[in-house]
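K.L.:
Next comes the sequence, and after it the predicted model I'd like to discuss.
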Amino acid sequence: MCTAPVPNAPKPVLRRHPVASSLFAFLADSELAVAFLALIGGMPHLYPHLRVHQVFGANTDVGKTLLTTALSLAAASGTPTIPPKKVYYLKPVSTGPPSDSDAEHVALFSSLSPSTTTTISPSPLPIRTDTLYRFKTPVSPHLAAEREGAAGSVPSDAEFVRAVGGWIEDCAREGEEGWAFVESAGGVHSPTLSGTTQVDAYRPLRLPTILIASPHLGGISTTLSSYESLLLRGYPIPALLIFSSPFYSNETYLARWARSLPQSPLTPPPHIGIVPPPPTSAHPKGSPEDEKAMREWYDFVVQERGVRGTLEALEERWEGRRREVEGAGERTVRSVWYPFVQHSSVKGGGDVTVVDSAYGDFFDTYKSNSPVSSASASSTPTPAPAATQSLLTPTLDGSASWWTQALGHASPSLTLSAAHAAGRYGHVLFPLHTHAPALELAERLLGRHSPKAGEAGKGVGSGWAGKVFFSDNGSTGIEVALKMALRAVARRYGDEGGERGVLGLAGSYHGDTIGSMDASEPSTYNASVEWYRPRGGYWFPPPSLTLRGGKPVVALPSECPGGGREVELPDGLQGAYDVERRLREDPLRGVYERWVRGTLERLCGEGRRFGALVLEPALMGAGGMIWVDPLFQRVLIDVVRSSAQLFSPSTSPPSPSTSPGTPTWSGLPIIFDEVFVGLHRLGHLSPSSSLLRASPDIAVYAKILTGGLLPLSATLASDAIYDVFRGSKKEHALLHGHSYTAHPVGCAVACRALEELEGMGWEGERADWGLGEGQEGVWSLWGREWVERVSKMERVVEGVMAMGSVLVLKLRAGSKGYESSAAQSFLERLREPPSTSGEEDFAIHSRPLGDVVYFMSSLNTPVEVRRNVERRIEELLRWLESEGEGEA
């Protein structure tokens, strides 16, 4: 996949020596390709024949170009252990006069015949040099782009890095065994064209990095700072090169430092290459005498251990990385027990997707049974087309990594927040202690922070919650919530020690720990768990909501009075979620109330006892992505809260359980499991508050809480629930916790994630769904017209729903639910990158749920990515229609 210049932007000026080919010619006028530039930012580059490396400098004037030229000459001429190979050199951005450019320097010393007194071959070496963006003004690239480009025409980071990636792919397509060196400008944090620092702008490519250390005064500090900046962002750093300096001896210190680093297979220490500096010339720069002196120096250093040893170390690391990626699947099968996997169906390493790295919305993946990996193992001398492709495939993380991602993988801001907290605290115990990240997070969740001076904050607990209890994941958070609710009910209704079940919805799922499993109906998830006990709980079959033929339809379960039928709602999707209006006007309210009240009276009359109502507001995830009619959930909450006489074992007044003046709970404590749906996943900070217009007594949050970086959960409770655990004895307290409670790193990352989410407005997406500024209602990152159009493809789609970042399609299938293979078959067709036009060459990964296909973006996924996925899905659905496949 090559790239194209963006209209009205400074075009990449491709300069090659000695011959330039048309890298961008075939896409120069392609609007589709231009749009695709912003999709994935960069492609993964691990080739079976091309060794690609990035060259960063610890600062300016450290010898990046000189040492890159030396590496290029050594690679092109060969070493005693490495045969000569073709070399590709790229300087993505050049500023200043062309005669002073780094690409010209490399070309000068690779394309002219050297002196006959040298040991380098007298013929021009196979080194190709290129520049993509050239500016005349000799300043930092971001200033040059601002001053010489048209207003608003500076290429974005995605466009820029995609151009670099396109150059690498173009080199790889030549099919020759070779090396490619991409030399950055200035230091690690020097700005690129957009102003973003290079270490972040180049990160989507994640090329193995050669760091050129500084031999100058202060160079040890700048070098180590640069190394840590690269390491924090996930760059592999196989080598560090430095000019020797007898006076400062930075190379001696850095060599000793590198030897002190742990020999970790995850972050192996860099090879240190020490190179004699070029002689100081008394002749003018560029004069024949100066050129001759430089040529003699190059002839000398390419034979020295500093350069040759570095090249050999790079070759060894490249081979090691290939072996690691290619063997990871088999090693994993031998050592790992996967969650939710029937291992008898795993045939070997080829069934395992190896994730080499992740960035933004994409994985860089490898599968040993893919065409590219098979071709790489071939001994055919001339590379087949697949053998010139990267071993790694860009793969869209279509499930948001089990619903956790909110700000994209490897977010620099979250990474730095984690590093800062780790450096400040590591981990510290929490009972009767506090630390800034935990305190800040608790206040944010409760809405007690001030995002701006004089402004009150808004948190998921605003207006109802009084306390936050930290744990490590959603399932544990639900365990805590159940302990809170059951104790409160036991204290109030005077039956401490008795067993109570929960009320909920069929198809619900609250986690895999024993208590949270007991809060769900018997299902595939708990059928074979020996300790599972439903404890007399009851789960209402939920009326489900979907969009079919462009209109919202509620499917009433057969257990509901007048059920076993569908009801079309007259006021569109916005009207379907206008719960307050539906409570006043919708006849379904009366149907639901009679059903719920009658069922509760029957169950309690049979002696069943309940301790909580546990709901996933709006959308039940793992149970099959079931969109529950919000009116039913609201009615269920209201009826439970108004039915205290049903839940008390006697007619005596309930025991007081709260301090005087504390608002109390009614009927049963209401637990909202917002682990999946909360914190903007459905476009609302709290869907229970915005969609159901109801507040819980207890609520649980996780997944998005840390932006998808770390495991952390928070259980929020009202003061009335909290007061139940106050007493004179220790056993009255909530005796629950784990060693890493309120981990400072997780809390710090969560604070940063919530800050970023708080600053997102999604104005364009809200407007697309008909919402004005400040107007509440249903909206999605998925296009409204597209969703409605797909909902009308009724031959292959039973229904579709989209809200926030979630998109759900229920396919027409011969069998239903988890017994169906429809979703699996559909997703398998999306997991292979298209091989037609090349403008969308990434795979799409998600996880099937029987006959349900779902896709989930991050909350900052670029619109071009979403439109691309929509187009791919629609094309596949239309193909299924044309093939007459009723089951996908």
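P.N.:
Happy to help now that I have it.
K.L.:
quick one, strands of the stretch 401-550 of the chain?
P.N.:
With strands called from DSSP state E, counting those that start in this stretch, the stretch 401-550 of the chain shows them at 467-471, 501-505, 538-540, 544-548.
K.L.:
contacts for the second one?
P.N.:
Right, the one you point to is strand 501-505. Counting by C-beta atoms under 8 Å, 6 or more residues apart in numbering, strand 501-505 makes contact with 482, 518-521, 534-542, 600, 608-616, 620, 628, 636, 640, 668, all of which sit outside it. Where C-beta positions appear, they are placed from N, C-alpha and C, glycine not excepted.
K.L.:
let's see 7 Å
P.N.:
Under the contact criterion C-beta atoms under 7 Å, 6 or more residues apart in numbering, strand 501-505 has outside partners 519-520, 534-540, 542, 608, 610-615, 620, 628, 640.
K.L.:
so how far is it off the chain centroid?
P.N.:
The chain centroid and the centroid of strand 501-505 are separated by 33 Å under C-alpha atoms, centre = their mean, to the nearest Å.
K.L.:
same check, this time on stretch 609-626
P.N.:
26 Å.
K.L.:
First residue to last residue on that stretch, what's the distance there?
P.N.:
End-to-end distance for stretch 609-626: 27 Å, by C-alpha to C-alpha, to the nearest Å.
K.L.:
Same check on stretch 263-280?
P.N.:
End-to-end span of stretch 263-280 (C-alpha to C-alpha): 38 Å.
K.L.:
quick one, helices of the stretch 201-350 of the chain?
P.N.:
219-232, 250-260, 288-301, 305-335 (DSSP state H, counting those that start in this stretch).
K.L.:
returning to what we had before: turn the strands of the stretch 401-550 of the chain into CSV, including mean pLDDT, distance to Leu391 and mean neighbour count.
P.N.:
Formatted as CSV, these follow (pLDDT from 0 to 100; distance: least, C-beta to C-beta, whole Å; neighbours: other C-beta atoms under 10 Å):
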stretch, mean pLDDT, distance to Leu391, mean neighbour count
strand 467-471, 98, 40, 23
strand 501-505, 96, 45, 24
strand 538-540, 96, 47, 20
strand 544-548, 97, 41, 22
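K.L.:
For Glu148, which of the ones you listed is the nearest?
P.N.:
strand 544-548 (49.6 Å; C-beta to C-beta).
K.L.:
which residues of the chain score low on pLDDT?
P.N.:
Along the chain, the parts satisfying pLDDT under 70 run over 1-42, 111-123, 150-151, 369-386, 453-454, 496-497, 650-662, 814-820, 833-841, 884-888.
K.L.:
follow-up on the earlier one: may I see the strands of the stretch 401-550 of the chain organised as JSON lines, with distance to Ser713 added?
P.N.:
As requested, the strands of the stretch 401-550 of the chain are exported to JSON lines (distance: least, C-beta to C-beta, whole Å):
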{"stretch": "strand 467-471", "distance to Ser713": "5"}
{"stretch": "strand 501-505", "distance to Ser713": "19"}
{"stretch": "strand 538-540", "distance to Ser713": "23"}
{"stretch": "strand 544-548", "distance to Ser713": "27"}
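K.L.:
Relative to Ala753, which of the ones you listed is closest?
P.N.:
Closest approach to Ala753 among the strands of the stretch 401-550 of the chain is made by strand 467-471 (15.2 Å; C-beta to C-beta).
K.L.:
contact partners of the closest one?
P.N.:
The contact list for strand 467-471 (C-beta under 7 Å, 6+ apart) reads 438, 442, 445-446, 477, 480, 713-717, 722, 738, 741-742.
K.L.:
same check, this time on stretch 674-689
P.N.:
403, 458, 460, 474, 477, 616-619, 621, 672, 690-691, 694-696, 699-705, 757, 779-780, 803-806, 859.
K.L.:
so which of the strands of the stretch 401-550 of the chain gets nearest Gly350?
P.N.:
strand 544-548 (36.8 Å).
K.L.:
could you point out which element follows that closest one?
P.N.:
Later in the chain than strand 544-548, the nearest helix or strand by DSSP states H and E is strand 551-556.
K.L.:
between that next one and strand 544-548, how many degrees?
P.N.:
Interaxial angle of strand 551-556 relative to strand 544-548 (axes from the mean of the first three to the mean of the last three C-alpha atoms, to 10 degrees): 150 degrees.
K.L.:
For Gln198, which non-adjacent residue is closest in space?
P.N.:
Ser184 (5.1 Å; C-beta to C-beta, 6 or more residues apart in numbering).
K.L.:
With Gly466 instead?
P.N.:
Asp719 (3.6 Å).
K.L.:
need the helices for the stretch 751-888 of the chain, in chain order.
P.N.:
763-768, 784-791, 822-830, 863-883.
K.L.:
highest average neighbour count across the helices of the stretch 201-350 of the chain?
P.N.:
Neighbour counts (mean count of other C-beta atoms under 10 Å) averaged over each of the helices of the stretch 201-350 of the chain peak at helix 219-232, with a mean of 19.
K.L.:
chain center to that helix: distance?
P.N.:
26 Å.
K.L.:
and if you look at stretch 71-86?
P.N.:
The chain centroid and the centroid of stretch 71-86 are separated by 39 Å, computed with C-alpha atoms, centre = their mean.
K.L.:
first vs last residue of it, how far apart are they?
P.N.:
End-to-end distance for stretch 71-86: 12 Å, by C-alpha to C-alpha.
K.L.:
Now do that stretch: everything it contacts.
P.N.:
87, 89, 106, 110, 120-121, 125-127, 176-179, 181, 298, 302, 307-308, 310-312, 315.
K.L.:
picking that back up, wait, which of the helices of the stretch 751-888 of the chain is closest to His53?
P.N.:
Checked against C-beta to C-beta, the stretch from the helices of the stretch 751-888 of the chain lying closest is helix 863-883, at 28.2 Å.
K.L.:
List the buried residues in that closest one.
P.N.:
Of all the residues in helix 863-883, those buried under the rule 16 or more other C-beta atoms under 10 Å are Val863, Val865, Arg866, Asn868, Val869, Glu870, Arg872, Ile873, Leu876, Leu877, Leu880.
K.L.:
Tell me the one of the residues you listed nearest Val787?
P.N.:
Nearest to Val787 among the buried residues of helix 863-883 is Glu870, at 8.6 Å by C-beta to C-beta.
K.L.:
How about the closest one: what's its closest non-neighbour residue?
P.N.:
Trp786 (4.9 Å).
K.L.:
Make CSV from the buried residues of helix 863-883 and add distance to Ser190 to it.
P.N.:
Shown next, in CSV, are those (distance: C-beta to C-beta, whole Å):
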residue, distance to Ser190
Val863, 30
Val865, 28
Arg866, 32
Asn868, 32
Val869, 35
Glu870, 38
Arg872, 37
Ile873, 41
Leu876, 44
Leu877, 47
Leu880, 50
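K.L.:
Out of the residues you listed, flag the one nearest to Val52.
P.N.:
Using C-beta to C-beta as the measure, the one of the buried residues of helix 863-883 that approaches Val52 most closely is Val865, at 24.4 Å.
K.L.:
For that closest one, give its distance to Leu392.
P.N.:
Distance, Val865 to Leu392, by C-beta to C-beta, to the nearest Å: 18 Å.
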